[in-house]
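*Asks:* Requesting a structural model of the entry that follows:
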Amino acid sequence: MTRKVLSATVVFTVAAHFAYLAYLPSGGFLALRWPRSIALHVATVLWGVGVVVFGLPCPLTELEQWARGRAGMDPLPTSGFIDRYVAGVFYPAGRTGAAQVLAFAAAAVSWLAFASKRPRAQSD
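*Replies:* Predicted coordinates for the structure are as follows:
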């Protein structure tokens, strides 16, 4: 693979990561408009829980690390994508746990709104 393709892979994974991080707290609210998308949002939140709570590896971080190494770029810090691009930029450094709680809380609120919007079965 050429260095250009590998660099583009890094850019793509960073963009995909930011899209994921934006979708996690907001996807349930989007499902209020597009109800079929709720399944994707549930999967997104479950994967986020797996990464945060159970320490599952993030495939986007793994792909970025792989591409960076082959492109001759500096590796991500051992703490990963969040500490490289997000912490200290979008919220104060050292507050990742609080940001995660807020993101998952927003998802939970959106699910409650989604559940209350769904039509109830009528019993006669």
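
*Asks:* next SSE after the host helix or strand of T61?
*Replies:* Assigned by DSSP states H and E, T61 belongs to helix 59-71. As assigned by DSSP H and E, the chain's next helix or strand after helix 59-71 is helix 81.

*Asks:* and the next helix or strand after that following helix, what other elements does it pack with?
*Replies:* Sequence-wise, the next helix or strand downstream of helix 81 (DSSP H and E) is helix 96-117. Judged by 3 or more CB pairs under 8 Å, 6 or more residues apart in numbering; DSSP states H and E, the packing partners of helix 96-117 are helix 3-33, helix 38-54. From N, CA and C alone the C-beta is placed, and that goes for glycine too.

*Asks:* so which of these gets nearest V109?
*Replies:* helix 3-33 (7.7 Å; CB to CB).

*Asks:* I'd like to know which elements the closest one is packed against.
*Replies:* Counting contacts by 3+ CB pairs under 8 Å, 6+ apart, helix 3-33 is packed against helix 38-54, helix 59-71, helix 96-117.

*Asks:* Kind regards, and thank you for your time.
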